[in-house]
Each structure stands twice: as structure tokens, then as C-alpha cells.
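Enquirer: sequence first, predicted coordinates after that:
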Amino acid sequence: MKDISGVLFDWLDARLELRRWIAVARHKAVPVHRGSVFYYAGGVCLFLFLLQLVSGILLLMYYRVGADSSYESVRYISSQVDFGWLIRSVHSWGANIMLVFVFVHMFSVFFMRAFRKPRELTWMSGCVLLGVCLAFGFSGYLLPWNELAFFATKVGTDIIGQVPWVGHWLLRIVRGGDDVTGATLARFFGLHVAVLPAVLTLAVAAHLGLVQLQGMADTQEAKKTMPFFPDFFLRDVMLWLVALNAVAVLAVFFPWELGKKAEALASAPAGIKPEWYFLAQYQFLKVLPPRLLGLPGELLGIGAVGAVGVLWLLTPFWEDVLPRPRKEAVLRLVGWGGLALLIALTIWGYCS
């Protein structure tokens, strides 16, 4: 006699061909080398995205969008709803930790040269995912409608207005007007809970499909492999549990503060800064002189940041045309130099 689990598995297998998929997973191999620990970063990103999805749905049950209701609804969640403060803290800390792992995953892929043929589209889809995750952070930051989020959003959207020719038009589209108001809040809410989740889900599906099609990047150091299922998969799940515990510990012992309600007519608090994942760009623009080469310094800075983003997206293509003797030296300079600059500007931004 089969137990209940065996009967249920046979029932599902007859309809979903589970045994065939398990056999495919068992034959899928993962390279094992000193850098293979970074393979798990992508799985942690996926797990934290699912955590964001679940915690965000729970918050939506009580959140009310509006200049007169958003702050009060978040305060109600944090003070009146059972474990509401915990869910909100898990959502906020999970978003930040997810972005940390997105950056770790991106740079590890770069250093392992996993963007090379035939994985160019995998790299580019990963860059799109990074951009969507940053947009998630930017749009979600305003939703509590507190003082810091209001003025940080005002500063961040002001940068959009500096884009030549179309800046004012783009600024009005983003804000829903000339200033940050309830219309801005409504637009950011729609982006955060409808548009961006749909875009991210499609991008994640495309990225995972490309990873499965092309496989994980091997290196010359890989002398052996491990089966994807169950060996790699179980290790991945164990790291998910570690990430979940880290988020839980931070949420319990360092609950996310709400702060004061936003007041459009109030003065901006001293030392207003964006979140850490935008701090490097903010500090770079901040230290530029008002005029540079006869043009506004901030405008040149925005152009430089945009150009770096495009070059990063197109890494597989410009790397392929570099002279072979200097190729690795240039890539090391770009990778380690870019990482060092990013960290240095972020620390500088915090300390200034």
C-alpha cells in the first residue's frame, strides 16, 4: 500500500509528468570551482523577490493610497494590525537585501566572464532586471508618504528634469504635474504594485529561461560538476533559509521607522539623501561643478551616468572587439575599478 504522499505524487505525475522533469533536473550539472559559491546569489534574488511579492500583497490589504490616507494607513499597519509592523519591516529589509544580492550576482557574473557568447542575452536580461529592481526601490520609497521619502523623491525626480529637450515633459509624466503631490503618489503606487511586478515577472521568466537554455557559465577552473537536483537545489534552499532568517532578525530587532508625515510646504530636513542604492550616483552629481566644459555640470553628470549604464549593458559586444593581449587587463580594470568607485562614492555620500 502506498502512503498518501505516494498516491498524491502519482496523481500529479500522471498530469504534470513530474518524473520526467525530475530526471531532466538530475541530468543537469553545475560546475564546481572556487567561484561557484556565487551561483547561489541568483537563487537568493529569486527567493527574496517571492518574499517581496507575498509581504507586499499582505500590506496591500490595509494600505490606502492618497496624500491624506497613505501615511495614516501605514501607521495603522505598524501599530494596530497584528504583526503588521513585522510584515512592513520584512518588506523593507527584504527589498534592501535583495538589491545587495542583485549587485553581488551582477558583479560575480562579470568577473566570471559569464556574459560571453552565447550568454549575451542572459547578461542583458539581467541588466534589465537590475534596472527594474532599482525602479521598484524608487517607486516604493514614496508610498509611506513620510517626510524623508517626500523630499528624497523630489530631489530624485528633479534630476529627470535636467534631461535636455524632454526633461520638463518627462518630469510632468513622472510626477503627474510640476510638483510632488498626491498625483505623484498615485502614479508611483500604480508602478509599484501593477506595472513593475508584471515587467519583473516577465523579465525573471525570460532570464531563467535563458539560464536553463545556455546553462551556467563554466570556467577553466571547473574540474568537476554536481547534479542540479538534489545537490545544488538543496544547497540553494538552505541559503534561502539563511536569507529568510537574516531578514527576520533585522525586521525584529531593527524595525523600519515611519518618521513624520510629509508636508509639501515644510522645509526640507537637513542632509536629505536618497537610499544607498542611489547614493553613488547622487554623490557623483553633487561633487560636479556648476559649469563644466561650458555646460551645466549636472547635465554632463547625468549623461555620464547614462553612458556608463549603456556600456555596462553592452559589455558582451565591446569586450569582444578588444585586442586579445589587453582584454583581460581592461576587464579587470573595469570590474574592480567600477566596484571600488561605486563603494567609495556610496561611503562618501554617507559621510558627507
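Expert: Right, received. Where do you want to start? What you see is a predicted model; the values in this text were computed from it and never measured. Residues are numbered from 1 along each chain as shown.
Enquirer: point to the residue nearest the middle of this protein.
Expert: Nearest to the mean C-alpha position of the chain, by C-alpha atoms, centre = their mean, lies Cys133 at 3.2 Å.
Enquirer: and it, what element?
Expert: Secondary structure assigned from DSSP states H and E places Cys133 in helix 120-142.
Enquirer: buried stuff in that helix?
Expert: 120-130, 132-142 (16 or more other C-beta atoms under 10 Å). From N, CA and C alone the C-beta is placed, and that goes for glycine too.
Enquirer: following the helix or strand of the chain with the lowest mean pLDDT, which helix or strand comes up?
Expert: Sorted by mean pLDDT, DSSP states H and E, the helices and strands of the chain end with strand 295-296, the least confident at a mean of 76. Following strand 295-296 in sequence order, the next helix or strand is helix 297-313 (DSSP H and E).
Enquirer: put the alpha carbons of that next one into PDB.
Expert: Extracted in PDB, the C-alpha atoms of helix 297-313 (Å, rounded to 0.1, in the frame of the first residue of the first chain):
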ATOM      1  CA  GLY A 297      27.800  70.100 -14.600                       C
ATOM      2  CA  GLU A 298      24.700  68.200 -13.500                       C
ATOM      3  CA  LEU A 299      23.700  67.700 -17.100                       C
ATOM      4  CA  LEU A 300      27.100  66.300 -18.000                       C
ATOM      5  CA  GLY A 301      26.900  64.100 -15.000                       C
ATOM      6  CA  ILE A 302      23.500  62.700 -16.000                       C
ATOM      7  CA  GLY A 303      24.900  62.000 -19.500                       C
ATOM      8  CA  ALA A 304      28.000  60.300 -18.000                       C
ATOM      9  CA  VAL A 305      25.900  58.000 -15.700                       C
ATOM     10  CA  GLY A 306      23.600  57.100 -18.600                       C
ATOM     11  CA  ALA A 307      26.600  56.400 -20.900                       C
ATOM     12  CA  VAL A 308      28.100  54.100 -18.200                       C
ATOM     13  CA  GLY A 309      24.800  52.200 -17.900                       C
ATOM     14  CA  VAL A 310      24.600  51.700 -21.700                       C
ATOM     15  CA  LEU A 311      28.200  50.500 -21.800                       C
ATOM     16  CA  TRP A 312      27.600  48.100 -18.900                       C
ATOM     17  CA  LEU A 313      24.500  46.700 -20.800                       C
END
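Enquirer: would you list every one of the strands in the chain?
Expert: Using DSSP state E, the strands of the chain run over 29-32, 224-227, 291-292, 295-296.
Enquirer: list the contacts for Leu129?
Expert: 102, 200, 203-204, 207 (C-beta atoms under 8 Å, 6 or more residues apart in numbering).
Enquirer: any weak-confidence spans in this structure?
Expert: The chain contains residues with pLDDT under 70 at 1-2, 218-223.
Enquirer: what sits against Ile159?
Expert: By C-beta under 8 Å, 6+ apart, the residues touching Ile159 are 285, 298, 302.
Enquirer: for stretch 299-317, what is the distance to the chain centroid?
Expert: The chain centroid and the centroid of stretch 299-317 are separated by 18 Å under C-alpha atoms, centre = their mean, to the nearest Å.
Enquirer: again, but for stretch 68-81
Expert: 26 Å.
Enquirer: and if you look at stretch 168-180?
Expert: Using C-alpha atoms, centre = their mean, the offset of stretch 168-180 from its chain centre is 24 Å.
Enquirer: ok, now stretch 186-205?
Expert: Relative to its parent chain, stretch 186-205 has a centroid offset of 12 Å by C-alpha atoms, centre = their mean.
Enquirer: and that stretch, which residues are buried?
Expert: Under the neighbour-count criterion of 16+ other C-beta under 10 Å, stretch 186-205 has 187-189, 191-193, 196-197, 199-200, 203-204 buried.
Enquirer: ok, the contacts of Ile159 vs Leu244, which is closest?
Expert: Nearest to Leu244 among the contacts of Ile159, counting by C-beta to C-beta, is Leu285 at 36.1 Å.
Enquirer: measure that closest one to Leu196 for me?
Expert: Counting by C-beta to C-beta, to the nearest Å, the gap from Leu285 to Leu196 is 24 Å.
Enquirer: how about Asp179?
Expert: Counting by C-beta to C-beta, the gap from Asp179 to Leu196 is 23 Å.
Enquirer: in the stretch 51-200 of the chain, which spans are helices?
Expert: Under the criterion DSSP state H, counting those that start in this stretch, helices of the stretch 51-200 of the chain are mapped to 70-79, 84-111, 120-142, 147-160, 167-175, 182-190, 196-214.
Enquirer: the longest one versus helix 297-313: what angle between them?
Expert: Which is helix 84-111. Helix 84-111 and helix 297-313 meet at an angle of 70 degrees, taking axes from the mean of the first three to the mean of the last three C-alpha atoms, to 10 degrees as the criterion.
Enquirer: okay, the angle between helix 84-111 and helix 70-79?
Expert: Going by the same axes, to 10 degrees, helix 84-111 is angled at 100 degrees with respect to helix 70-79.
Enquirer: so of the strands of the chain, which one's packed in deepest?
Expert: Highest mean neighbour count of the strands of the chain: strand 29-32, a mean of 18 (counted as mean count of other C-beta atoms under 10 Å).
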